[in-house]
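Q: got a sequence here, can you model it:
(2 chains)
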Amino acid sequence: MSRLGRQRELSLVIVMLALGGFVFAQAPQFLSASNLSQVAILAAIIAIAATGQALVVLTRNVDLSVDAMIGVVAFSVADILRLHALSVPLAMAYGVALGLALGIVNGVIVSVFRVPAIVATLGTMSVYRGFTFLLAGGRQVSLSDLPPEYINLARASVLGVPLYVVLAVVVVAIASLLLQQTRFGRQVYAVGSNPEAAAILGIRSRLVGFLVFAVCGMLAGAAGVLWGARFGTINATAASGVVLQVVAAVVVGGVNIFGGSGTVYGAALGALFLGLIANALTLLHLSQFWLQAIYGGVILVAVAADAVIVRRLQRAAAVRA
Amino acid sequence: MKGERSAAIRLEAISKRFGATQALDGVSFELLPAEAHALVGENGAGKSTLVKILAGVYQPDNGRIELDGSEVQIHGPAHSRELGIAVIHQEPRLFPDLSVAENVFLGHQPKTRLGSIDWARMRRDAARLFDELEVSIAPDSPVRGLSMADQQLVEIAKALSLDARVLIMDEPTASLSLHEVERLFSIVRPLRDRGLGVLFVSHRLEEVFDLCERASVLRDGKHVITAPIGQLTTADLIRYMVGRDVSLFPPATTELGEVLLEARGLTRSDAFSDISFSVRAGEIVGFAGLIGAGRTEVARVLFGIDRADRGEVLLRGRPVAFDAPAAALRAGVAYVPEDRHQQGLVLDFPIASNVSLPILSRLFPRLFMNRPAERRLAERYASQFRVRMTDVEQLVSALSGGNQQKVVIAKWLATEPRALILDEPTRGIDIGAKVEVHRIIAELAAAGLGIILISSDLPEVLAMSDRILVMHEGRLTAELSRAEATEERVMFAATGQVTSGA
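A: Numbers count the residues shown, from 1 in each chain, chains lettered A, B, ... in the order given. You can find the predicted model right below:
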């Protein structure tokens, strides 16, 4: 949508190519099919969650409960499958529906009760995670408890491309179409960019806010389903702290943390970028303990860079005024 | 006049470039002590850059600055203040939670012998400054809650407390009512007579003639002329600013049609009461009054943003009650709000997306949008309004204020309204764009729209309107035909005095 956004996405691709080249020079196994698909599969899960988060951030909100939603969905779906309570497709549909329901709860708290999103989702993050602990009660579901049809999703591929990557591309494409080519998308950008003007135009900004939280929950549910199949061993702390990665993907992908500009494919590229960094640390035999700090650092650098660029643009505009 | 005294400020060949933009190009001029000197020019002419250089915000690329005959380099805002330059901005930059006295002495508080702040002396000194200015502002009251005009007076008191020799007023009157402008000038004149050099930056030319002895005109970053105000006319100034002859107001000659929009006894508590008027097709009805008189509040009710407590609105004779702007838009009423950034435009959007925003559902009844149709719509309005742009995909944040305002008007016209409410449509835009906005308004009226023009720019309301309604403190105090309306009569009604002949 905005020039700032597009530049960010392009520069992200360039940085990733450079990083990939550097890692390849140090550790040639980087470009092996198995390594690349490992990176891509994890990035795909994050990209799906980041797509939902991007919608939320575009409307000047944030959803801190995504990792709690991923965790509760991953655990419930695995638990249901362990007990053979539902068939695999039904259990997966249940997982997505559970995510949608939790997202709707977030949306109601923010849009109906007008609790600031950061507070509302900080609260539901704890509630959802606490709910997972109650459900799990210290148990864990192991790989051997799960039906092979479920586990094999993470290894399946379509024409040589991992299924997860195909799914992520489909999700990003649909969300991108929704944002760029429909009225709803225009309203998301308008509400995030100038809520007051949107209100005067008769755009129902609270409805828009509610819908993005619902979609975000649904996509977190989908990510949770895929998470369970990918990791197999699931306990109450599944996906803890992944929210940092999801938000980092969104902001490094060029979505303005103050809403109104950015794209979902930028967020997906951001997810891939973070996945590459994690992989690079492994291949270069650096400590994984760096990872949290790097994700946090990426958020700070991305937001600070936005602030600097925006200030430059404003200064350029001030000259004309 | 020249020669005997050294100039308070002398600028010699000041240049400043930002990237590809030459904001100032060899500008020289001088401000004498005890003179009020107007600095005028269109938006983008370089006035703000010049002010910011004097305020120490920017450093010039080339050129000399002299204060009282000796060359200086202004290193930063604090240095500028030390040198005796005080800048009063359109929006006062005060700390709302601190008291008036604290704001006046912020950064140079009087100290006791022990080094702590001498509160008693601070209050006394502040009170003395306001006495000198002959205004009653309590030094202990918090700044929050003071009117914009009073806040500017606090800024002036602050300038005096710093022994400023030069007072730069950067569009100080843009958000003041006429009455407040009068008061501001009556305070500034004696300061000037005591030796203060006043640099007055304003779009309002009548104020320039009212206050200043000399005027300097900038155009495209270059100094065009400096002349005593007595040797200039408004037309001269505009010609120097724009670089060509322009007639400020288009002649309005329109056949009036049926009554479009009518209000009867409209009342909203705390905002306005018993407002009755009507607007006919092809008519421009001006709403004059001081800021805070309740004009915008009436418009918000007409457009369905707020609701009236009593009274009714009729559209072509049929009572309507809009519960939301969307309902008003469907019925054919559009409102161009006062603040085009806050309420009007989505700055991150291209021109085309802004224009289509109010009519998305009409333009795109199905799920997916029809981008070519959107472009064509925007291109039609952009060429009709002569929006200066690269194309309709350009972001509106990259447009000048005047062109942004044209996009705002285009946006609301896209809803194909029958009645259009314009709230301060030319505030803060330059003369050239103002002329074009006036032309657009006249064309729309000629095309049969009923127009409500809310404006604090008195010459504008007088020249554009077929009929003028004047509000004072939430009530209609006069209704004047074009022939009856004079500045004096409007001002009388706007300040709540009853004219003898009305």
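Q: give the burial count for residue A:276, as a bare number.
A: When neighbours are counted by other C-beta atoms under 10 Å in any protein chain shown, residue A:276 registers 19. In short, each C-beta sits where N, CA and C put it, glycine included.
Q: in the longest helix seen in chain A, what's buried?
A: Counting residues, the longest helix found in chain A (DSSP state H) is helix A:290-320. By neighbour count with 16 or more other C-beta atoms under 10 Å in any protein chain shown, helix A:290-320 contains the buried residues A:291, A:294, A:295, A:298, A:299, A:302, A:305, A:306, A:313, A:319.
Q: can I get these in TSV with pLDDT and distance to chain B?
A: Formatted as TSV, these follow (pLDDT from 0 to 100; distance: C-beta to the nearest C-beta, whole Å):
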residue	pLDDT	distance to chain B
A:291	85	33
A:294	87	30
A:295	86	27
A:298	85	23
A:299	84	21
A:302	84	18
A:305	82	17
A:306	78	13
A:313	67	8
A:319	51	4
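Q: tabulate the residues you listed (CSV), appending distance to residue B:166.
A: What follows is the buried residues of helix A:290-320, written out as CSV (distance: C-beta to C-beta, whole Å):
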residue, distance to residue B:166
A:291, 57
A:294, 52
A:295, 52
A:298, 48
A:299, 46
A:302, 44
A:305, 39
A:306, 38
A:313, 32
A:319, 24
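Q: just the closest residue of chain B to chain A, please.
A: Chain A sits closest to residue B:326 of chain B, with a gap of 3.1 Å, by C-beta to the nearest C-beta.
Q: got a list of what that residue touches?
A: By C-beta atoms under 8 Å, 6 or more residues apart in numbering or on different chains, the contact set of residue B:326 is A:201, A:202, B:304.
Q: packing partners for the longest helix of chain A?
A: Packing contacts for helix A:290-320, counted by 3 or more C-beta pairs under 8 Å, 6 or more residues apart in numbering or on different chains; DSSP states H and E, involve helix A:3-26, helix A:242-252, helix A:264-283, strand B:9-18, strand B:21-31.
Q: which of the ones you listed is buried the deepest?
A: helix A:242-252 (a mean of 27; mean count of other C-beta atoms under 10 Å in any protein chain shown).
Q: hey, where'd the helices end up in the stretch 51-200 of chain A?
A: Using DSSP state H, counting those that start in this stretch, the helices of the stretch 51-200 of chain A run over A:66-82, A:88-107, A:117-136, A:148-151, A:163-181, A:183-193, A:195-200.
Q: neighbours of the nearest residue to residue A:76 once chain neighbours are set aside, just the number please.
A: Using C-beta to C-beta, 6 or more residues apart in numbering or on different chains and skipping the chain neighbours, the partner closest in space to residue A:76 is residue A:98 (6.2 Å). Look at residue A:98: counted by other C-beta under 10 Å, it has 21 neighbours.
Q: one step back: of the contacts of residue B:326, which one scores lowest on pLDDT?
A: Across the contacts of residue B:326, the bottom pLDDT score, 73, is held by residue A:202.
Q: ok, how many other residues are close to that residue?
A: A count of neighbours around residue A:202, defined by other C-beta under 10 Å, yields 18.
Q: where in chain B is pLDDT low?
A: Applying pLDDT under 70 to chain B picks out residues B:1-5, B:20, B:43, B:244-254, B:497-502.
Q: write out the residues of it neighbouring chain A.
A: B:18-19, B:21, B:23, B:43-44, B:48-49, B:305, B:324-326, B:329, B:335, B:337, B:342-349, B:353, B:356-358, B:360-361, B:364, B:367-369, B:371, B:395, B:397-398, B:400-401 (C-beta under 8 Å from any C-beta of the partner chain).
Q: how about 7 Å then?
A: Residues of chain B found near chain A (C-beta under 7 Å from any C-beta of the partner chain) are B:18-19, B:21, B:23, B:43-44, B:48-49, B:305, B:324-326, B:329, B:337, B:342-349, B:353, B:357-358, B:360-361, B:364, B:367-369, B:395, B:397, B:400-401.
Q: just the buried ones from those?
A: By neighbour count, with 16+ other C-beta under 10 Å, these hold B:18, B:23, B:43-44, B:48-49, B:305, B:325-326, B:329, B:337, B:343-349, B:353, B:357-358, B:360, B:364, B:369, B:395, B:397, B:400-401 as buried.
Q: which ones among those residues map onto strands?
A: B:18, B:23 (DSSP state E).
Q: so where do the strands sit in the stretch 351-500 of chain B?
A: Counting by DSSP state E, counting those that start in this stretch, the stretch 351-500 of chain B has these strands, from start to end: B:419-423, B:450-454, B:467-472, B:475-481.
Q: returning to that earlier point: quick one: which of the helices and strands packed on helix A:290-320 is nearest residue A:215?
A: helix A:264-283 (10.9 Å; C-beta to C-beta).
Q: specify the angle between the closest one and helix A:183-193 in degrees.
A: Angle of helix A:264-283 versus helix A:183-193, following axes from the mean of the first three to the mean of the last three C-alpha atoms, to 10 degrees, is 70 degrees.
Q: for helix A:264-283, what is the distance to the chain centroid?
A: 12 Å (C-alpha atoms, centre = their mean, to the nearest Å).
Q: quick one: mean pLDDT for that helix?
A: Per-region confidence: helix A:264-283 scores 93 on mean pLDDT.
Q: what's the answer for stretch A:90-105, then?
A: 98.
Q: how about stretch A:32-48?
A: Stretch A:32-48 shows a mean pLDDT of 94.
Q: count of neighbours near residue A:158?
A: Neighbour tally, residue A:158, other C-beta under 10 Å: 10.
Q: quick check: it touching residue A:166?
A: Yes: with contact defined as C-beta atoms under 7 Å, residue A:158 counts as touching residue A:166 (5.0 Å).
Q: got a list of what the closest residue in space to residue B:406 that isn't next to it in sequence touches?
A: Closest residue in space to residue B:406, ignoring its immediate chain neighbours: residue B:385 at 4.3 Å, by C-beta to C-beta, 6+ apart. For residue B:385, the contact set (C-beta atoms under 7 Å, 6 or more residues apart in numbering or on different chains) comprises B:406, B:409, B:410, B:440.
Q: contacting residues around the third one?
A: Going back to what we said before, that points to residue B:410. Applying C-beta under 7 Å, 6+ apart, the residues near residue B:410 are B:355, B:381, B:382, B:385.
Q: which residues in the stretch 251-400 of chain B form helices?
A: Counting by DSSP H, counting those that start in this stretch, one finds helices in the stretch 251-400 of chain B at the ranges B:295-302, B:325-331, B:351-356, B:360-363, B:371-384.
Q: can I get the longest one as CSV, trimmed to CA atoms?
A: Think helix B:371-384. Output of helix B:371-384 as CSV, limited to C-alpha atoms (Å, rounded to 0.1, in the frame of the first residue of the first chain):
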residue,chain,number,x,y,z
ARG,B,371,-9.8,-0.4,-9.4
PRO,B,372,-10.1,1.1,-12.9
ALA,B,373,-13.6,2.5,-12.0
GLU,B,374,-12.0,4.0,-8.9
ARG,B,375,-9.2,5.5,-10.8
ARG,B,376,-11.6,7.0,-13.4
LEU,B,377,-13.7,8.6,-10.6
ALA,B,378,-10.7,10.1,-9.0
GLU,B,379,-9.2,11.3,-12.3
ARG,B,380,-12.5,13.1,-13.2
TYR,B,381,-12.5,15.1,-9.9
ALA,B,382,-8.8,15.7,-10.0
SER,B,383,-8.9,17.3,-13.4
GLN,B,384,-12.1,19.2,-12.6
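Q: that helix: which residues count as buried?
A: Neighbour counts over helix B:371-384 (16+ other C-beta under 10 Å) mark B:374, B:375, B:377, B:378, B:379, B:381, B:382 as buried.
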